[in-house]
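Visitor: Sequence below, structure please.
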Amino acid sequence: MLSVLPSARRLGANCLMLTAAALFAQALHAEPANHYTIAPQRLAMLDQAMQAQIDQGKLAGIDILIYQDGEVIHRKLTGYQELDSRKPLAEDTLYKIFSLTKPITGTALLMLHEQGKFQLDDPVELYLPQFKGMQVAKEDGPDGRPVTEPAQHPLTIRELMNHTAGFTYGRFSESQVDALYVKEDIQNPDTTLADMIEKLAVIPLRQQPGTQWHYSVSVDIQARLVEVLSGMSFDAFLEQNIFKPLGMKDTGFYVPADKAERLAVSYRPSEDGLQPLPNDFFLRKPNFLNGGGGLISSMDDYLRFARMLLNEGELDGVRLLQAETVRLMASDQLPKQVEGPNWAPGNRFGLNVAVVNDSSAAQYLPEGTYWWWGIQGPWMWVDPANGIITLGMMQNTDYRHSRVVHGTVSNILYRPAEQ
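Guide: Sure, this is the predicted structure:
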């Protein structure tokens, strides 16, 4: 998610002591070669490792769920929704899922693609004309504005969905373009998606379209495309076309008053331990419908969304996407010359999700697994080859430690016993 993250190999080092002894035991996976089943010993190790995270004060709480072959085979809620009162996590606890919003936004846009509203390689300017004639930063210039050159081609919707369109976030890298994002307060919560487009249109792209994977606000641009193509507000489109059909009754852009007590507290690590952050912002409807990171959800709700993806677009008789569209989403969409996220070795990128292409480099997630995560740690892994969904919910601002937790879990669940 962030270009400044340490490599996954280094992040995984802390977890190996937790897993080594049992993972070397051949008894841990006697499952058929063509269908991996997670051994009970691994699940016990997982629970122990997550309890250690709580006992050591690294996390306030974590909820992990594993689903395979039509049923939840493991769920463990460890720790607290709120530390001061020692309120434990509950099955209906609500979480700020941040960038786990991105696969949902991608699903919404792909639903409109299936309706014939656009083609993936259409120029974005066909639907958002503000992006016509975009300039690209070439080198640093005077007064904080870069020297620019014309974009080599109009950026496309596919490039928005694989993070190669040339945009940035303004906070995960340093450049004059990033500084302009900060100055213009691109994602100001008091503005709208339409306002954001107007601001972005006069800021140069950070790099030429199609030349580099770079994490960006492109998913917020996708959310605005949903509004323009559907004629609906983004939140209304999601509610009508995804949340209500799937029975996701606790997912939205804010938590209403009657559910406020269910919202987990977020924590920031400090020398004095985990410090709570206020939930107030998430208890009122925002103007800015953040398609890249604004949703709040529950474990059960997000499982229904992930099951729809695992079932290639259908859940309980409700079909959101055709199977071939989900396969497209979960396949490599990067140009051959473009590398995947540099902080996630062993991965390429599809449409709003990362896709594993080298299991050992990807902390042993199976090849073909597609996934994403949010900046406070919640994550989704969909492993089609084995019919497994792994979901984790946590609320901790130390995103580097989140990646340690993710690596710990994937090593425990998937690392071959002989390695």
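Visitor: Ignoring the adjacent residues along the chain, who's closest to residue 170?
Guide: residue 181 (2.8 Å; CB to CB, 6 or more residues apart in numbering). Just so you know, the C-beta spots here come from the backbone N, C-alpha and C atoms, and that holds for glycine as well.
Visitor: could you pull out the strands for the stretch 301-419 of the chain?
Guide: Using DSSP state E, counting those that start in this stretch, the strands found in the stretch 301-419 of the chain span residues 314-315, 318-319, 347-349, 354-356, 370-373, 379-383, 388-393.
Visitor: again, but for the stretch 151-300 of the chain
Guide: When assigned using DSSP E, counting those that start in this stretch, the strands of the stretch 151-300 of the chain occupy the ranges 266-270, 273-277, 296-298.
Visitor: where are the low-confidence patches of this protein?
Guide: 1-34, 419 (pLDDT under 70).
Visitor: Looking at it, which strand is longest?
Guide: Using DSSP state E, we find that the single longest strand of the chain is strand 71-82.
Visitor: What helices and strands are in contact with the helix or strand just after that one?
Guide: Using DSSP states H and E, the helix or strand that follows strand 71-82 in sequence is strand 87-88. Helices and strands touching strand 87-88, by 3 or more CB pairs under 8 Å, 6 or more residues apart in numbering; DSSP states H and E, are strand 71-82.
Visitor: Once you drop chain neighbours, what's closest to residue 339?
Guide: residue 213 (6.5 Å).
Visitor: Next up, the contacts around that neighbour.
Guide: 162, 163, 164, 334, 338, 339, 340, 341, 342, 349 (CB atoms under 8 Å, 6 or more residues apart in numbering).
Visitor: and those, which are buried?
Guide: By neighbour count, with 16 or more other CB atoms under 10 Å, the contacts of residue 213 hold 162, 163, 164, 334, 338, 340, 341, 349 as buried.
Visitor: returning to that earlier point: most tightly surrounded among the strands of the stretch 151-300 of the chain?
Guide: Looking across those with neighbours counted as mean count of other CB atoms under 10 Å, the highest average goes to strand 296-298: a mean of 24.
Visitor: who's in contact with that one?
Guide: Against strand 296-298 from outside (CB under 8 Å, 6+ apart): 92-97, 100, 248, 250-255, 262-263, 282.
Visitor: Restrict the residues you listed to the buried ones and give me that as a PyMOL selection.
Guide: With 16+ other CB under 10 Å as the criterion, this PyMOL line picks the buried residues out of the contacts of strand 296-298:
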select buried, resi 93+94+95+96+97+100+248+250+251+252+253+254+255+262+263+282
